[in-house]
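Got a sequence here, can you build the structure:
(2 chains)
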Amino acid sequence: MRRPITLYGLTFSLPLLVWQILFFVFPLLFLVALSFWTVKNFAMRPDFDTVNWTTMYGRAVFWQAYGTTFVLATAASFLTSVLAFPAAYAIAFKLSDTARRWAVFLMVIPFFTSYLVRVYSWQIFLSDSGIINVTLGWVGLGPLPLLNTVGATMIGYLTLSFPLVVLLQLFSLVFIDRTLIEAAHNMRCGRLRTVFAVIIPSARTGLVIAALFCFILSFGDFVSPIYLGGGEPTTLSILITDTTKSGQQWPRAAVIALTMIATLLAVAFVAVKFAYKGKSK
Amino acid sequence: MSEFEKAATGLTRRSLLASGAAVLATPMLSRRAFAQATELTMLAWYGHAEPDIVAEFEAENNVKFVPKYYTGGDNMLGLISQSPPGTFDVILSDAEYVLALNEAGYVEELDPNDYDLTDYFPEFQNFPGNWSDGKLFSLVTRFGFLGVAYNTDALTEAEAANYNVFWDPKLTGKVGHFDWHLPNLGQMSLLNGNANPYDIDEAAWQAVKDKTMTLRPQIGGFFDYGGTFSSLNDGQMLAFCGIGDWITGVLEKNGAKVRSIIPEQGGLQWSECFSIGKGSQKADLAKKWIQYITSAKGQAKSAQMAAYPALIPNQKGWEVLQAENPDEAKRQGMTKDAGNAIEMIRAGRIKFRQWPVQQSLEDWNDFWSEYKGA
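Numbering: from 1, shown residues only, chains lettered A, B, ... in the order given. Reported below is the predicted structural model:
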């Protein structure tokens, strides 16, 4: 039975609604409108012309950048999830309560510093004359091309999302019913099999949501592809900046941005559906 | 109040009123003594409203600059178009964008008699874009050349003195691009022998595109302002296309082994011009600033700007710089020696960076995106 709307309920839900309308729905609608505007002599004019959509969708470089960005973000989500899981698992099941609190604190610390600064500091490690290559040089190896590569971009994505993914995975793992694990052990299920047959399925929702957050962050990131990847391959975020450098073409940049938003919504929808698949209400 | 009470507090009605009036008047007195500085808004590239440039003018005129820094001419135009008239008192613009500023009516007309244009080298007295229909709208204040930027440990000056060095096998993966199509493709056009690198027909444009594409395997990255600095500074990139002394000069002064050279095929010139924003309420003060920064003293300061050095168009400014900082004057080629900056212009070795004439800006940008994605 539907509950009646009360003043008490409205008091708590209205600010969120107003906030969403002001800072999400309204800008989004403006972005949609902007994508139909035209540009003449560097000045944007309100219009209703589909030229920006046909131009952007007709360019091979757009689809190339789209494919690249999608693949990179997917790879980052997979890689981060795989690397974060052992850390989250250890924190959830192997550490004492005190050590767990410290571990959570350590995972939060990276957020205290600017992501841009953290990415720049990676350059000190990855450049040809950086810490890693100098160390390799001592044993007669290298220098290896580490900076301005896809691998470096991936390191940047990990820097951005690894702590968050560990935390999200952790919250999901600590709420697993321990009796299920004990039951598995009692039934002679090995440690590794317990992880794959009991723990991962039980924590599926959290694991998928964590991967989804990684995908969202990586898909729209500009800093890592430009400062660690050297701007190549071109991602959608880089293409947005390129487009705005072409005579104030913000309407075309809006087309790219809307495509990105639509993609993220679709991915989020699929991921959430998968995460909650088979869950009882 | 009894006499006893008066004596105890030491207060009379008269003294209370007097001290009250004094307390109330104090802010007014201190305001007179320390008159609040007038704020002057400046829209410019980073560095132009920093203390090394504006401190003296601010102190002399009781002015406080409020800068709004932009990165790139499109960004500048966007900021102006989204702000009400009068938001910016002083506007610094790259020369390519000056015409757009005029056409959009974003700047006030200047009176040429207000400025000592005769101190300028003749080439800069009627600078393209500054004038429109015989009216002055902006004044060129500094400029620089774009050529081959290179690591002095990796390349000799002779090797770097040719754009073909970018194709050198020893630089594979070590050539960087400043991520803006205009200077890079302009240099490729110069390499292809186009006397007017931005005014080329379709066949020449196709040839520029073809030539540029052959450079793609050599490229190690496409960098913005910060990335260009760091990749040259740490030796990650050994040669750079599309930049000049405005970046390597800063690094060189800080000990990095990098330098820029104008190759034998010629170089490009960037230029920055000051204007007064349309509707400025402080146009007189803005005019005073432009008078200052285009004077010999202001020009010498501008040449040595901490953010990025530049050449200056004022002949007397050259003399002040030579007296103040002969090493910097020599480093930038602002001396009386043969082959100095102005002689390079007169010899026809330098071409203006400008928007493409026979193609649209979009065509150039689209190709640049295609090149990056190749």
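
residues from the stretch 1-150 of chain A in reach of chain B?
A:41-44, A:59-61, A:64-65, A:120, A:123, A:127-130, A:145, A:147-148 (Cβ under 8 Å from any Cβ of the partner chain). To be clear about C-beta, it is placed using only N, CA and C from the backbone, and glycine gets the same treatment.

now the residue in chain B that chain A sits nearest to, what's its secondary structure?
Per Cβ to the nearest Cβ, residue B:221 is where chain B lies closest to chain A, at 2.5 Å. Here residue B:221 takes the strand state, with states given by DSSP: H, G, I helix; E, B strand; the rest coil.

Skipping adjacent residues, who's closest to it in space?
Nearest residue to residue B:221, sequence neighbours excluded (Cβ to Cβ, 6 or more residues apart in numbering or on different chains): residue A:230, at 2.5 Å.

Just the mean pLDDT for the lengthiest helix in chain A, thanks.
With secondary structure taken from DSSP state H, chain A has its longest helix at helix A:60-93. For helix A:60-93, mean pLDDT is 96.

Which other helices and strands does that helix contact?
Judged by 3 or more Cβ pairs under 8 Å, 6 or more residues apart in numbering or on different chains; DSSP states H and E, helix A:60-93 is in contact with helix A:97-108, helix A:150-174, helix A:204-219, helix A:236-244, helix A:250-275, helix B:361-373.

Could you list the contact residues of the stretch 151-281 of chain A toward chain B?
Residues of the stretch 151-281 of chain A lying near chain B (Cβ under 8 Å from any Cβ): A:226-227, A:229-234, A:238-239, A:242-250.

From these, keep the buried residues only.
Listed as buried from these are A:226-227, A:229-234, A:238-239, A:242-250; burial here means 16 or more other Cβ atoms under 10 Å in any protein chain shown.

what about the closest residue in space to residue B:94 that isn't next to it in sequence, how many neighbours?
Closest residue in space to residue B:94, ignoring its immediate chain neighbours: residue B:73 at 4.9 Å, by Cβ to Cβ, 6+ apart. Using other Cβ atoms under 10 Å in any protein chain shown, residue B:73 has 24 neighbouring residues.

Could you double-check that residue B:73 sits in contact with residue B:96?
Yes: the pair residue B:73 / residue B:96 is scored as a contact, 6.4 Å apart, by Cβ atoms under 8 Å.

Could you measure from the residue nearest to residue B:94 over to residue A:168?
43 Å (Cβ to Cβ, to the nearest Å).

so where's chain A shaky on pLDDT?
A:1-2, A:41, A:246, A:279-281 (pLDDT under 70).

For chain B, what's its nearest residue on it.
Closest point on chain A to chain B, by Cβ to the nearest Cβ, is residue A:230, at 2.5 Å.

who touches that residue in this structure?
A:147, A:148, A:149, A:152, B:176, B:220, B:221, B:222, B:223, B:227, B:231 (Cβ atoms under 8 Å, 6 or more residues apart in numbering or on different chains).

quick one, the longest helix of chain A and helix A:97-108 angle?
Going by axes from the mean of the first three to the mean of the last three Cα atoms, to 10 degrees, helix A:60-93 is angled at 160 degrees with respect to helix A:97-108.

Domain ranges for chain B, per the record?
Domain ranges of chain B: B:3-33, B:38-137+B:271-333, B:144-266+B:352-373, per automatic domain parsing.

Kindly check the end-to-end length of stretch B:188-197 for me.
8 Å (Cα to Cα, to the nearest Å).

Provide the secondary structure category for residue B:276.
Under three-state DSSP, residue B:276 comes out as strand.

What about the nearest residue to residue B:246 once chain neighbours are set aside, how many residues nearby?
Closest residue to residue B:246 apart from its sequence neighbours, by Cβ to Cβ, 6+ apart: residue B:308 at 4.3 Å. Using other Cβ under 10 Å, residue B:308 has 19 neighbouring residues.
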